[in-house]
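1. Kindly return the folded structure for what I paste below:
(4 chains)
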There are 2 protein chains.
Amino acid sequence: MQTPTLRDVADAAGVHPATASRALNPATRGLVNAETARRVMKVAEGLGYRPNPMARGLKTAKSATVGLVIPDLTNPLFPPIVRGIEDVLEPAGYSGLIVNTDNDPQREQAQIELLRSRQVEGLIVATALLDHPLMAQLQREGVPMVMVNRRPDGLDIPSITPDDAAGIEMAVAHLADLGHRRIGHLAGPASTSTGVARRRAFRNAVRDRDLDVDPALVVTCEHWTEESGAAALRRLLDARPDVTAVVAGNDLIALGCYDVFSERGIDCPREMSVVGFNDMPFLDKLAPPLTTLAIPHQQIGAEAARMLLDAIAEPDRAARSVLLPLSLVVRGSTAPPA
Amino acid sequence: MQTPTLRDVADAAGVHPATASRALNPATRGLVNAETARRVMKVAEGLGYRPNPMARGLKTAKSATVGLVIPDLTNPLFPPIVRGIEDVLEPAGYSGLIVNTDNDPQREQAQIELLRSRQVEGLIVATALLDHPLMAQLQREGVPMVMVNRRPDGLDIPSITPDDAAGIEMAVAHLADLGHRRIGHLAGPASTSTGVARRRAFRNAVRDRDLDVDPALVVTCEHWTEESGAAALRRLLDARPDVTAVVAGNDLIALGCYDVFSERGIDCPREMSVVGFNDMPFLDKLAPPLTTLAIPHQQIGAEAARMLLDAIAEPDRAARSVLLPLSLVVRGSTAPPA
DNA sequence: GGTCAGGCTGCACTCGATTGCAGTGAGCGG
DNA sequence: CCGCTCACTGCAATCGAGTGCAGCCTGACC
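-> The predicted structure is shown next:
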C-alpha cells in the first residue's frame, strides 16, 4: 500500500471515515468523543497518515500556498526576503511558490496567471514597477495581497517598506556631520517608487540642512545597475566637478561609482565619499568597504508574510502599511572632505 | 460566478463534461470529433477556463510540482541554480517548491517530509551532507531524484556536478605557470563531498607537477565560511610561512584569507596569491579582484531540471550523471611570486 | 415508566476532473 | 434490406477528504 488514506485510518480504528476526519481536524475534534478521537489519532500516527492536500484543497478550496512575485531571485536583495517569508509561512502550514518576472510586465502577468491557476490563496508582490493595472484588478477581485519594498499609489493594498526617507536622511546627516557641503545624489529610475521616494527625501534633507541644493547635483539613473550608476556619476562630475560626496540610489549604483573612481583616478574616500543603499552581502570586502544603509530584509519578509496570513484569515480588514526602520552602516567609503 | 469549471465549459458548448475534458486534453483530443473539439476549446478560451490542478491532481495523482531541497537560499551559490531550474520547469508546466534545510539533518528530514506530503513528483537535492540514510530510503521508495553539486556515493542517483577535479587542476596549473612552487590548499570540510573531492584533486595536481607535496600545505576548514577560512590560513602560515599561493576550497574561504592579509599586513597578490572557487557575484569588486573558478550555475540547474523531468517520465531509466566544465576567471589576486 | 434532550456517529453527497465502459448513430458491405 | 463496424459521445464511478443531516443511544427529568 502506498500512503495510507483517511479510509485506511478509519478502518483500522474501527470508525467511519467521517468520524476519523472529524477526529483528526482540531476544529471539529470537539464533535467526537474524546476517547474515540484519541484512538483515531493514535492509529493515524501509527500508520503515518498524511492528509492528501489535493483532496482537502479540492473540497475546501484552499491550497495552503501563497505566491511570491519577485523580479529576479538572482538579485541578492531578494533571497533574504524570501527566507524571511518562508520562515513565517512554514510554521503556519503554508508554502510559498516563487515566480520571477524579470520586471517584464508581460511576464509578470503570465506568472501571476500561473499562480492563480495554482490556486494560491494570496500574493506577496515585490516587483518594482510603478503603475500597474493588474494590481488594481487583483485588488478588485479580492485576492489577498501584500507588497514589499514598494508602496502602491492610490490602491488600498498593505505594504511593507523600508523607511527610505529616514534612511536618506541619515545618510545626508552622516555626510554633513563629516563636513560635506556639496553632496550629489544618483537617483534610481523615475519609474520606480523607491527611486522617486529617495530622490524626494534627498532634496528635503539637503534643503533642511542648508546644503547646496543645486538641481545639477541630482542625476537620475536609467536602471538600478552599475553601468547606469557609472554613467550618472560621470554626468554629475562633468556638471559639478566640485562635489565631495554622493548618496547612491542603491548599492549597485554605488558600485558603478567605484568603476568611475578607478577610471578617473579619484581616491575614495579621501577625495570623494559614497554612501550606498541596501547593504548587499560582501560590501565589507570592497576597497574601500562601502558605507551603506542596511535594510532588515529578513524582517521585511517575515512581516509581509504575517500580514498576508492575516489578510487571508480576515479578508476585509483595512489595509495597514508598515515602514521598517533601517540603519546606517558606516564603513570606509565615507570620510571628511579633503 | 468565480472561476469557470469544466462543467460550465461543457454546458456552454452543449456537450458532456467528459467530452469537454477529452477535447481540452491534447493527449485524448483525437477521441473527439475535430469540429466539436474546436468548439469546446473556443468556448473554454472565451470563458477563461483554467483546469483546477487540485481536482486533476486528485484523480491523476500528479501535482506538476517538484521539490527543491537547498541548504540556504541566502547563500549566493543557490539562486542562480534555482533560476536555471525554474526556467526549465516552467515551460514544462511544472513548478518548484523550495525548502531550506540549513544543512541540519533534522530539518532536512522534516522538510522532505513536508514536500512529500505536498505530493511532489520528484526532488532536486542540493544539500552538501555526505552520508545520508534518507537518500537511500527515498531511492528505495522510487522517488525520482536528481542531486546537484554533489555526487551520491554508492547510491544510484543521477547527479549534476561541476568538474571539481578539472577546476582545481586549472587553478594549480595557473599558479604553477606563474612560477609558484609552494602552493597551499584550504580544503572544505571533510564531511562534504566537494570538500574531499577538491582536496584529492589538489593533491593529485601538485604531485603531477612535481610541486611541493608537504601535507602541511593542506589545511582543512571546519566550515565553508570566512571565519573558518581565516583560521585555516593562519594555521597554514604558522606551519609553512614560505607558502606563496593558496587555492581556497571556495570563495568564502578565500574571503577569509583577505581578512588575514590585512591582519598580518600581507600584500596580495605581490606576496601571496589566492584562487577562489565558485565565482560568487561581485568578486570583481574586491581589492584585489578575486581570481576564481566560475561554475555554470544556471546551466547546472537547467540540466538538473531536465534530468528530473526525464526521470519522472521514465522512472526506471539508468541513473546518468553529468560533470559540467568550469572556467578559470583570472583577476587580480594572482601574480608571480615575489 | 415515559419523554425529551443532547452527545456521537454514520450516511451520503460534494468538490472538479478523469476514464473505463456502454450506447448511439452513421456508413458500408453483403 | 440487414447487420456489422467504427467513430464519437454520454454515463457513472473514482480520486480523498469534508460536512449537513438524520438517527441512534444514553441519561436525566417529570
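
2. Strands of the stretch 51-200 of chain A, residue ranges please.
-> A:65-70, A:95-100, A:122-125, A:145-148, A:159-162, A:183-187 (DSSP state E, counting those that start in this stretch).

3. can you tell which of the ones you listed is closest to chain B?
-> strand A:95-100 (5.8 Å; C-beta to the nearest C-beta). Every residue, glycine included, has its C-beta placed from N, CA and C.

4. quick one, helices of the stretch 101-250 of chain A?
-> Using DSSP state H, counting those that start in this stretch, the helices of the stretch 101-250 of chain A run over A:105-117, A:133-140, A:164-178, A:193-208, A:226-239.

5. Looking at those helices, spot the one closest to B:Ala319.
-> helix A:105-117 (30.9 Å; C-beta to C-beta).

6. and the closest one, which residues are buried?
-> A:Glu108, A:Gln111, A:Ile112, A:Leu114, A:Leu115, A:Arg116 (16 or more other C-beta atoms under 10 Å in any protein chain shown).

7. Stretch A:252-263 now?
-> A:Leu252, A:Ile253, A:Ala254, A:Leu255, A:Gly256, A:Cys257, A:Tyr258, A:Asp259, A:Val260, A:Phe261.

8. Quick check: mean pLDDT of it?
-> In this model, stretch A:252-263 has a mean pLDDT of 94.

9. ok so, going back, in TSV: the helices of the stretch 101-250 of chain A, plus distance to B:Pro26.
-> Formatted as TSV, the helices of the stretch 101-250 of chain A follow (distance: least, C-beta to C-beta, whole Å):
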stretch	distance to B:Pro26
helix A:105-117	17
helix A:133-140	29
helix A:164-178	49
helix A:193-208	42
helix A:226-239	44
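
10. Surely A:Thr292 is in a strand?
-> Yes - under DSSP: H, G, I helix; E, B strand; the rest coil, A:Thr292 sits within a strand.

11. end-to-end on stretch A:328-338?
-> For stretch A:328-338, the first-to-last residue distance is 22 Å (C-alpha to C-alpha, to the nearest Å).

12. That one: how far from the chain's middle?
-> Remark: stretch A:328-338 is offset 27 Å from the chain centroid, using C-alpha atoms, centre = their mean, to the nearest Å.

13. Likewise for stretch A:30-48?
-> Worked out by C-alpha atoms, centre = their mean, stretch A:30-48 lies 42 Å from the chain centre.

14. same thing with stretch A:226-238?
-> Counting by C-alpha atoms, centre = their mean, stretch A:226-238 comes out at 27 Å from the chain centroid.

15. picking that back up, okay, the buried residues of stretch A:252-263 in a markdown table with secondary structure and distance to A:Arg320 next?
-> Listed next are the buried residues of stretch A:252-263 as a markdown table, based on DSSP: H, G, I helix; E, B strand; the rest coil; distance: C-beta to C-beta, whole Å:
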| residue | secondary structure | distance to A:Arg320 |
| --- | --- | --- |
| A:Leu252 | helix | 31 |
| A:Ile253 | helix | 31 |
| A:Ala254 | helix | 33 |
| A:Leu255 | helix | 35 |
| A:Gly256 | helix | 36 |
| A:Cys257 | helix | 37 |
| A:Tyr258 | helix | 40 |
| A:Asp259 | helix | 42 |
| A:Val260 | helix | 42 |
| A:Phe261 | helix | 43 |
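
16. Pick out whichever of the buried residues of helix A:105-117 sits closest to A:Asp156.
-> For the buried residues of helix A:105-117, the nearest to A:Asp156 is A:Ile112 (18.7 Å; C-beta to C-beta).

17. wait, what's in contact with that closest one?
-> Neighbour list for A:Ile112: A:Gly67, A:Val69, A:Val99, A:Leu123, A:Leu134, A:Leu138 [criterion: C-beta atoms under 8 Å, 6 or more residues apart in numbering or on different chains].

18. Then A:Thr127?
-> A:Thr127 makes contacts with A:Val69, A:Ile70, A:Pro71, A:Thr101, A:Asn103, A:Glu108, A:Arg150, as judged by C-beta under 8 Å, 6+ apart.

19. Can you check what pLDDT the model gives it?
-> Listed pLDDT for A:Thr127 reads 79.

20. ok so, going back, tabulate the helices of the stretch 101-250 of chain A (JSON lines), appending mean pLDDT.
-> Formatted as JSON lines, the helices of the stretch 101-250 of chain A follow (pLDDT from 0 to 100):
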{"stretch": "helix A:105-117", "mean pLDDT": "85"}
{"stretch": "helix A:133-140", "mean pLDDT": "80"}
{"stretch": "helix A:164-178", "mean pLDDT": "96"}
{"stretch": "helix A:193-208", "mean pLDDT": "94"}
{"stretch": "helix A:226-239", "mean pLDDT": "96"}
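
21. Can you add distance to DNA strand D and give these back as CSV?
-> Formatted as CSV, these follow (distance: least, C-beta to the nearest atom of the strand, whole Å):
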stretch, distance to DNA strand D
helix A:105-117, 18
helix A:133-140, 26
helix A:164-178, 44
helix A:193-208, 40
helix A:226-239, 51
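
22. Next, the residues that contact stretch A:9-17 from outside, please.
-> Contacts of stretch A:9-17 (C-beta under 8 Å, 6+ apart): A:6-7, A:19-20, A:23-24, A:36, A:39-40, A:43-44, A:46-47, A:49.

23. quick one: is that stretch near DNA strand D?
-> Yes - contact of stretch A:9-17 with DNA strand D (C-beta under 7 Å from any atom of the strand) involves A:Pro17.

24. Quick check: end-to-end length of that stretch?
-> Span of stretch A:9-17 from end to end, C-alpha to C-alpha: 8 Å.

25. ok, A:Cys221 to A:Cys257 distance?
-> Plainly put, A:Cys221 is 11 Å away from A:Cys257 if you go by C-beta to C-beta, to the nearest Å.

26. Now for those two: what residues contact both?
-> A:Leu186, A:Gly229.

27. ok, A:Asp72 - contacts?
-> A:Phe78, A:Asn100, A:Thr101, A:Asp102, A:Asn103, B:Arg83.

28. Thought B:Ala304 was touching the last one, still the case?
-> No - using C-beta atoms under 8 Å as the test, B:Arg83 is too far from B:Ala304 to be in contact (12.0 Å).

29. Who has more neighbours out of those two?
-> Legend: neighbour count by other C-beta atoms under 10 Å in any protein chain shown for B:Arg83 and B:Ala304, higher for B:Ala304 (27 against 18).

30. DNA strand C next: which of the buried residues of helix A:105-117 are close?
-> Counting by C-beta under 7 Å from any atom of the strand, no member of the buried residues of helix A:105-117 reaches DNA strand C.

31. Please export the C-alpha coordinates of the helix or strand bottoming out on mean pLDDT in chain A as CSV.
-> Using mean pLDDT, DSSP states H and E, helix A:133-140 stands out as the lowest-scoring helix or strand of chain A, at a mean of 80. Written as CSV, here are the backbone C-alpha positions of helix A:133-140 (Å, rounded to 0.1, in the frame of the first residue of the first chain):
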residue,chain,number,x,y,z
PRO,A,133,-3.5,48.0,-13.8
LEU,A,134,-3.0,44.3,-12.9
MET,A,135,-2.7,45.2,-9.3
ALA,A,136,-5.9,47.1,-9.3
GLN,A,137,-7.7,44.3,-10.9
LEU,A,138,-6.4,41.7,-8.5
GLN,A,139,-7.4,44.1,-5.7
ARG,A,140,-10.9,44.3,-7.1
